[in-house]
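> Provide a 3D model corresponding to the input given below.
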Amino acid sequence: MIQSHGGKVTGSVSGVTDYLLKGKLDHVTGKCKKAAEKGTAVIGYEDLMLLLAKGAGSLTMTVAEYTQMLAGIILVGLGFGLPSIVYQNDKLAPAYQVLIHMGTGCMTLVSFWTGWIPVKAGFCPAFLTIAGEISVAFIVWLIFYQQEKKLVRKMNDRIKQLKK
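The predicted structure follows:
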């Protein structure tokens with residue numbers, strides 16, 4: 001039944017295991033302990049039926065997962081917004097200001113915590129996700145930098161005109 005829905009059945013729990021289907025036994029088995037250590041969800045038959053009924057395209061979250069996602073979004077917003085106060089320090093060179101601002105952004109750490117980075121999928125997908133995050137952040141910064149640079153040029157030109 002699992003295989004007919006695109007799943008893979010194995011005899012052991014590994015880092016890429018998404019679910020461990022537990023039997024009717026109430027006690028915790030060694031596989032359940034290993035699944036808990038690896039962060040794999042342990043589900044029963046009823047849970048499996050719900051997953052199969054919803055299909056692969058459905059998005060469901062527990063209250064805890066939803067809360068974690070919400071906290072992640074808030075942390076990323078704070079991580080990008082609060083470090084920008086470094087630009088108010090005129091003693092720092094612009095290159096250092098940018099380095100501090102971009103370096104203190106917490107997107108990657110929060111992404112690991114919330115599961116936004118597909119660690120279970122392997123090194124390549126995780127690396128590409130991180131590279132994508134860094135690229136997007138840099139592109140957004142570059143766009144704002146170019147816009148501010150243009151604005152400063154206009155202001156300087158206007159000041160020169162007024163001095164004449």
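
> Could you use CA atoms for every contact and neighbour count after this?
Noted.

> In the protein, where is pLDDT below threshold?
Low-confidence segments of the chain (pLDDT under 70): 5-6, 25-28, 54-61, 102-106.

> Closest to the centroid, which residue in it?
residue 111 (2.5 Å; C-alpha atoms, centre = their mean).

> give me every residue that touches that one.
Residues in contact with residue 111 (C-alpha atoms under 8 Å, 6 or more residues apart in numbering) are 72, 117.

> Tell me if it really is in a strand.
No - judged by DSSP: H, G, I helix; E, B strand; the rest coil, residue 111 forms no part of a strand; its state is helix.

> Just give me the neighbour total for residue 123.
Neighbour count of residue 123, defined by other C-alpha atoms under 10 Å: 11.

> My error: substitute residue 24 in the last question.
8.

> chain center to the longest helix seen in the chain, what's the gap?
Using DSSP state H to assign secondary structure, the helix with the most residues in the chain is helix 123-163. When distances are taken as C-alpha atoms, centre = their mean, to the nearest Å, helix 123-163 is centred 22 Å away from the chain's centroid.

> Show me what it is packed against.
If you count contacts as 3 or more C-alpha pairs under 8 Å, 6 or more residues apart in numbering; DSSP states H and E, helix 123-163 packs onto helix 107-114.

> list the buried ones in the helix it packs on?
Within helix 107-114, the residues that count as buried by 16 or more other C-alpha atoms under 10 Å are 107-108, 110-111, 114.
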